[in-house]
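1. next come a sequence and a model predicted from it.
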There are 2 protein chains.
Amino acid sequence: MPSSPPSWVQALKPSGPQGSELLANERAQSNIAVNALAELLHTREKLERQEQLVAVLSSDKVFDKSQSQSLGRVERIQRALAKAKRIRQLAVEGQWSLEKYHAAHALLGEPTPYALHASMFLVTLREQCNAEQKKLFLEPAENYQIIGCYAQTELGHGSNVRGLETTATWNPEDKTFTLHSPSLTASKWWIGSLGRTANYAVVMAQLFIGGKNYGPHPFVVQIRDLETHQPLENVYVGDIGPKFGYNTMDNGFLLFNKLKIPHISMLARFSQVDPETSKYVRPALPTLVYGTMTWVRSNIVLDAGSVLAHGVTIATRYCAVRRQFQDRDADKNAGETQVLNYKMVQVRLLPLLASMYALHFTGRGMMKLYEENQSRLSTSSQSGQDSRSPGPEELRAGADLLADLHATSCGLKALASTTAGEGLEICRRACGGHGYSSYSGIGPHYSDYLPTLTWEGDNYMLTQQVARYLLKAARAVLAGKGTGNDTSQIMQTYLARKDKGASFDILGIDQDIVAAFAWRTAHLTFEALKHRDVEKRSWNSLLVDFWRLSTAHSQYLVVKNFYEAVSSPELTSSVDGPTADVLRKLFRLYCLYTLEREATEFFSSGAVTVRQITLTRTKAVLSLLDEIRPHAVSLVDAWKIPDWVLDSSLGRSDGQVYEDLFRRASQENPVNDLIFDPYPWNEAVLKKPLSKL
Amino acid sequence: MPSSPPSWVQALKPSGPQGSELLANERAQSNIAVNALAELLHTREKLERQEQLVAVLSSDKVFDKSQSQSLGRVERIQRALAKAKRIRQLAVEGQWSLEKYHAAHALLGEPTPYALHASMFLVTLREQCNAEQKKLFLEPAENYQIIGCYAQTELGHGSNVRGLETTATWNPEDKTFTLHSPSLTASKWWIGSLGRTANYAVVMAQLFIGGKNYGPHPFVVQIRDLETHQPLENVYVGDIGPKFGYNTMDNGFLLFNKLKIPHISMLARFSQVDPETSKYVRPALPTLVYGTMTWVRSNIVLDAGSVLAHGVTIATRYCAVRRQFQDRDADKNAGETQVLNYKMVQVRLLPLLASMYALHFTGRGMMKLYEENQSRLSTSSQSGQDSRSPGPEELRAGADLLADLHATSCGLKALASTTAGEGLEICRRACGGHGYSSYSGIGPHYSDYLPTLTWEGDNYMLTQQVARYLLKAARAVLAGKGTGNDTSQIMQTYLARKDKGASFDILGIDQDIVAAFAWRTAHLTFEALKHRDVEKRSWNSLLVDFWRLSTAHSQYLVVKNFYEAVSSPELTSSVDGPTADVLRKLFRLYCLYTLEREATEFFSSGAVTVRQITLTRTKAVLSLLDEIRPHAVSLVDAWKIPDWVLDSSLGRSDGQVYEDLFRRASQENPVNDLIFDPYPWNEAVLKKPLSKL
C-alpha cells in the first residue's frame, strides 16, 4: 500500500463549514424521536443484536472490505468463502440462533458461497424431506457435512419451469432414477453455490414413469466427492463466469450423463413414486409446494425497504454535506447552498425516503399475512396426518387464501424490487460525480441487488399473474359471487359508485387518497376485462395493460398498508406527536408523488380531476418537500444502518466525506503502487522499481 | 485455464430450433435494404475503415478481451495502458489519420489511460496555445513525449466551475505564478489519465493578480519527472480508486503546495497577464472558450445513438433466439414463442430501436449546426487577427447563435445520454437472467457509459440553462422582438393559435406530430414564464418545472430532426421504398410512444385530446409494434456493429447464444481453476493441488 502523504497534505482540511457541523445542524433542526422511531421500525432487540454483530465482524480481519472493489474475481470469491466459513465458526462457537446467523450474513454486504446452502437448500430439505430423508440429507446438511444448492433454472429455461429439460426417469428394475441432460440448453445454470462449493444439489427434473411425464420434481443428488471435492463421474459442473454483480458467489452450471440415483433421492413429502408398483402418488395439497416461493417473495418485499434505505441514507447525508452554487435568489454574499436544499434534488430523494418507509410497512403486512396463512395450512396439513382428509370447503378456502397471497406477493415483489433497484441508481446519481466512486457505497450494492428484479419471477412476467387474479375476481363480482375480501370490495364499491363519479378529496382527506388508488385499480381491471371478455382481444395484445394493472394494484396495496401503519394505535403509542406527524407527511408524499407520476390513469379513470392533478404537482408535492426537508437526515438516521455496513465515504454518519474519500484513495488503493512507463514506444507498462532506476 | 469438457458434453447441442436458424428466418422475413441503410447511417468509407481496424485489433493478442471482467483493477489498468500504447504504435507505423486513431480507440470498448491526453489535453492545447506555447507544449504532446490531462473538477467542486479553489497567483517580481491548493477540497479529482499516466496537466485555477480574482484560467504544468515518472516536489498526485465502471482509466487527484510555474504556463490565446505591467488582458471573444464544451456535448448526442444501438442489437437478437412459454392463445402443440413476439418485450425494445435512429439523426443535425457556427466564428476571429475588430452587430449575431447552440446542446446532451444510459439497462433486463452475465456484453458497457450522464454538465443541472434560454426567448417574443429562429417561431405560432386550440391530427399527419411537440414546448415555456415573471416564484421552486420544460423542448428537437431525416430527399435517394417506409414507422413509434408516456403534458397543454391519447396507447402504438417487429433484426443489423466489438454471447450475429455462453463459462473462466475446500471447520479455502491429495 502507498506510503503516507507528505506533511503539507496531511495539514489540509476541507474548506467552508465542515461536514460534521452541517450534519449536526441537520440533527438539531429536527424534533423527531429518532431512537423511538428506530425501535418501531426494527425492535430494540434487533438493534442490539445488530450492534453486537457489527462489533464482532468489524474487528475481525477476515471481514475487511477495503480491497473488495479492487480485486479480481478469483481473489474475491476466495475471500468470500473465508468470510462464510468464519461466520459459521462464530455461530457454532457462540451457539447463535438461526436468525442471528442469517443477520450476520446480511450485515456482510456481499453474498457468499454458503448463501444458497443456508437458504434454499436447507429450506427445501426441511419442507420436502420425509423422515428417512431428513436423517440422510437434512441432518448432515445442517451440520455442514454436506453443502448443497438448489438447481432449478437451466441455460434455456428460467421463467418457464414447466419447460425444464433435465429428466429423471424411473427404472423399476433396479428401483433407481436416471438423471439426464438431453441437450446443452438442459444444463442447470445460474445455480448459486454450485460452481465451486456445493457437493450436493436439489435438482428439479421432469419425472418420467413408464414413458409418461409427471412434470418437474425435486431430487437430492451428490455431485462432488466429499473428500477430493472432484465432480463425480457423469457429472459436469463449474462456475458460469463473471457477472454484473454477485461476483463473490459461484453461480454454476451442471450437466448429467445418465447418472443413476437411488429411489430415496426424490423428495417425498408431497409426491412419490411407489417403488413396488411404480405408481405415481399425487401430492395431497398440490398448491403447498408453492409456499417456498411465496415466502421468498414476501421476504423480498420486506427487504426492499431496507435496500432502498441504504441508498437513501448515503445520498441524503451527502447532499446535506455537499454544497454547490448559490441559490439564484439569495443574497450575493451567501455561501454555497447545501445540495439537499434544491427542489430538483428533493424531488428525487424525498419520495424515495417515503418509499422506503412505505415498503417497510407493506413488507410487514405481507409477512403477517404469510404467517397467518402458514398456520392455517399447517393446521389443515396436520389434520391430514391425523388421516382426517380436509373437506372440499376447507380445501377451497385454503386455495382462495393462497391465490390471494400468491397474487399479492407477485405484484408487490415486482413493484418493491423495481422501486428499490431503480431507487438505488437515482440515489447514486443524486450524489453527482462522487456517486460513481466505489467509495460511495451505492454502486456495488446496486449491482448485487439487480438480480432481485429478475429472479423469483421476472418482474414483468409476474404482472400477468396479478392481472389473471384480478380478472377472475372481477368476473366473480359481476356474477354476484364476490368473496368479500378487500379485492372484491374495492370492485363492488367502484361498480356501485361508477355512475355517480368519484369526487375524492385527495388534497384534504388521507382516506380519500387510499380510495382513489382503489378506484383506479378497479377501473383498470374492468377495462382489461372488457378487452379480454367482450372484445375478445388476444392475451398477448393485453400484456402491457396487464403490467399497468398490476403496478396500479400493487401501488394501491402499498398505499393501503402505509395508511394503516400511520393511522394505527401502535404508532401513537410508540412515537411522539411530531414524529407521527412527519410519518403521515411521508405517507402523503408517497401517495401524491405516485399519483402525479401516473396522472393519466387517475384522470382517465375519473378518480381525480385535471385540476386536482395540477394542484398536486404545483402545490401539494412542493409543500410536502418543504415540510419534510428539515427532518430528512433524522429520518435516515432512524433506519440505524451502521457505518461499517454502509461502507460509504459519502454516507458517513459523522459527515467526514472528503477526508474519507481522500484517505481511501491515497491509502487503500493498490493502483497507487504502480509506477507507469507512459511512453508509447516502450513496450513495458511499468517502470522498474525506483531503486533500480 | 480449465481443461476441455468430456466428450459426452461436447456432443450436446441446444434443443429446439437453433439460434442460427431463428436469425436466418428473421433476416428472410424483412425486405429492408440492410447495406444501403448502413451506408446511409455511417458512410461506406467508415464501414470499410471499421472492418479493416477490427481485423487488425482482433488478431493482436494484446487486445484480447476474454479475461477483462474477471481481473482486478491493478491488472486491468496495466492491460489497458498496453492496449493504448499498441494502438499508438500501430498508428505511427501505419501513418493513420487522427480520425482513424480515434476510431481504433472507440472500437476497443473500454477507456484507456491515454484517452484524456488524446482528447481534452490536445484539444485544449490546440485551441488555447499561442505560437510559442504550441512549440513548447503542443508539439511534444502530439509526439507523446509529454502525456497530459485536463484538470478542472475538484474534490469539492464539480458542476460549479466558478467555485474552484485552486489558485494561481501572479508574482510580478519574478514573473511567475504560484499554483496552490488551499484546502483538501481544492484537490483536483476525477481527472482522467492523471492518476498514474500523465506527466503534464492543464490545470484550471483562479487567477489572482494584485489580490484580485480574475476567475478560472488554464495553466500547463509539469507534474511528474520525465525520466523517473515520480511526482515533482510540492506536487501530490495519485489515482482516486475503484469506480462503478471506467476501471481501466486512472482518474486521479492532484494537490499543489505553492508550486512556482513560469509565465509561459498560462494558456494565452484568449487572455493573458502582461508580464511587464502585470495587467490582465481580457479575452477578445469571451464566449469562444465555451466552444470546447459545446463540441464535446454535440459529440455526446451523436454517440448516444450508437451506445444505445449496442444494447438494442444485443437484446433484439437474443430475444429473437430465446424462446419461453407458449402464447396463451396458441395451439397447444405449438412450440415455445420467441420472446421478441411478446408485446411486453416489444414495448420495451422497439421504442429504443426507434430512439437509436432518432438520436443518430439528431446528433448529425447538431454536428452540422456546430460546424456551421465554428466556421462563422473562425471567420469572425480571423477578421480579428486582421486587426479589424468585429462590429457590435457581428458580435451580437455570433453571441445569439452561440446561445442557441449552447442551449440546444445542453438540453439534447441531457436527454440523449439519459435515454442511452437508461436504455442500456432496459436492454439488459429485457435479456432476462442472462442479461446479468458479463458475457451479455451489456453490463460492462453500461457501467462505463454512466459517467456521461454526469460529466460535461450534470443532466439535471443542464436543464436550467435550457429553461433560462427559453424564458429569454419567450420574453423577446412577447416584447415583439423574436429573432425569427425556430424557437421564436414555435412560440409565435402558439400565441397566434392558442385561443383557437390546436386540433392536431397526430394519428394521421406526421407534420402534425412535430407541431404537437412544438406546441407543448411553447405552452410549458409560457407557463414557466408566468410562474417566474408574474407570480414571482423563486427560481428554486421552479427547478422541477424547468427540468420538464427542458426535456419537452429536447424531445421536440429530436422529433423535428428525425422528421427532417425521414422526409429528406437524401433518404429516398439512398434507400428503397420499403426501407424508407420502415424508417418513417420508427419515427412515428418514437413520437407516439413518447407522447403517450408524457400524456399529461400533451393533454393539459391542449395539444391533443384525451381520446387521441387513448387511441395512441390502445391502437396506434400496438399497430406500429406489429409493423416494425418483422424488421427488428434487420434494423439492428444495419447498424453494423462487429461481433468483436459487441463482445456478447447473447448478441452474436450468428445466433449461437448458448454454445458461446457455455464455451466462455467452461473454457475462459479462471474461477474454474479453483478447487474449494467447502467445510467450515477447515480454515483453508482451497484444496491442495490434486496430485498432493
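-> Everything's here; your move.
2. secondary structure class for residue A:219?
-> Classification of residue A:219 by DSSP: H, G, I helix; E, B strand; the rest coil places it in strand.
3. please apply the same query to residue A:40.
-> Three-state call for residue A:40 (three-state DSSP): helix.
4. any idea how far residue A:633 is from the closest residue to residue A:65 other than its chain neighbours?
-> Nearest residue to residue A:65 in three dimensions, chain neighbours excluded: residue A:647, at 5.5 Å (CB to CB, 6 or more residues apart in numbering or on different chains). To be clear about C-beta, it is placed using only N, CA and C from the backbone, and glycine gets the same treatment. Residue A:647 sits at a distance of 19 Å from residue A:633 (criterion: CB to CB, to the nearest Å).
5. got the domain boundaries for chain A?
-> Here the domain assignment for chain A is A:60-112, A:123-283, A:292-636, based on automatic domain parsing.
6. so for the last one, mean pLDDT?
-> Averaged across domain A:292-636, the pLDDT comes to 90.
7. how about the strands in the stretch 51-200 of chain A?
-> With strands called from DSSP state E, counting those that start in this stretch, the stretch 51-200 of chain A shows them at A:150-151, A:167-171, A:176-180, A:188-191, A:200-209.
8. any idea which of the ones you listed gets closest to chain B?
-> strand A:188-191 (5.7 Å; CB to the nearest CB).
9. between residue A:647 and residue A:633, which is the more surrounded one?
-> Legend: neighbour count by other CB atoms under 10 Å in any protein chain shown for residue A:647 and residue A:633, higher for residue A:633 (27 against 23).
10. grab the nearest non-local neighbour of the more buried one.
-> Closest to residue A:633 by CB to CB, 6+ apart is residue A:26, at 3.8 Å.
11. run a quick neighbour tally on that neighbour.
-> By the measure other CB under 10 Å, the count of residues near residue A:26 is 24.
12. surely it forms part of a strand?
-> No. Assigned with three-state DSSP, residue A:26 falls outside any strand and is helix.
13. that one reaches residue A:636, doesn't it?
-> No. Here residue A:26 does not reach residue A:636: they are 10.0 Å apart, not a contact under CB atoms under 8 Å.
14. mind checking how far residue A:73 is from chain B?
-> Distance, residue A:73 to chain B, using CB to the nearest CB, to the nearest Å: 5 Å.
15. skipping adjacent residues, who's closest to that residue in space?
-> residue B:70 (4.6 Å).
16. same thing with residue A:440?
-> Among residues not flanking residue A:440 along the chain, residue A:650 sits closest, at 5.0 Å (CB to CB, 6+ apart).
17. rewinding a little: need the strands of the stretch 51-200 of chain A in a markdown table (columns: distance to residue B:490).
-> Formatted as a markdown table, the strands of the stretch 51-200 of chain A follow (distance: least, CB to CB, whole Å):
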| stretch | distance to residue B:490 |
| --- | --- |
| strand A:150-151 | 59 |
| strand A:167-171 | 65 |
| strand A:176-180 | 67 |
| strand A:188-191 | 51 |
| strand A:200-209 | 60 |
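18. please identify the most buried of the ones you listed.
-> Mean neighbour count (mean count of other CB atoms under 10 Å in any protein chain shown) peaks for strand A:150-151 among the strands of the stretch 51-200 of chain A, with a mean of 29.
19. state the mean pLDDT of it.
-> The pLDDT scores in strand A:150-151 average 96.
20. who does that strand pair up with?
-> strand A:200-209 (parallel) (DSSP bridges).
21. pLDDT of the partner strand, averaged?
-> If you average the pLDDT over strand A:200-209, you get 98.
22. quick one, it and strand A:167-171 angle?
-> Orientation note: strand A:200-209 sits at an angle of 60 degrees relative to strand A:167-171 (axes from the mean of the first three to the mean of the last three CA atoms, to 10 degrees).
23. strand A:200-209 vs strand A:176-180, what angle?
-> Using the same axes, to 10 degrees: strand A:200-209 against strand A:176-180 is 100 degrees.
24. show me the contacts for residue A:338.
-> Taking CB atoms under 8 Å, 6 or more residues apart in numbering or on different chains, we find residue A:338 in contact with A:22, A:319-323.
25. let's see that with 6 Å instead.
-> The contact partners of residue A:338, by CB atoms under 6 Å, 6 or more residues apart in numbering or on different chains, come to A:320, A:323.
26. quick one: it from residue A:322, how far?
-> From residue A:338 to residue A:322 the distance is 7 Å (CB to CB).
27. what do you get for residue A:517?
-> Plainly put, residue A:517 is 35 Å away from residue A:322 if you go by CB to CB.
28. and what of residue A:208?
-> For residue A:208, the distance to residue A:322 (CB to CB) stands at 62 Å.
29. related to what we said a few turns ago, out of the strands of the stretch 51-200 of chain A, nearest to residue A:313?
-> strand A:188-191 (30.5 Å; CB to CB).
30. now do that closest one: which elements does it pack against?
-> Judged by 3 or more CB pairs under 6 Å, 6 or more residues apart in numbering or on different chains; DSSP states H and E, the packing partners of strand A:188-191 are strand A:252-256.
31. and the closest residue in space to residue A:163 that isn't next to it in sequence, how far is that from residue A:513?
-> If the residues on either side of it in the chain are set aside, residue A:163 comes closest to residue A:157, at 4.5 Å by CB to CB, 6+ apart. As judged by CB to CB, residue A:157 and residue A:513 stand 42 Å apart.
32. repeat that for residue A:102.
-> The gap separating residue A:102 from residue A:513 is 36 Å, by CB to CB.
33. many thanks, we can stop here.
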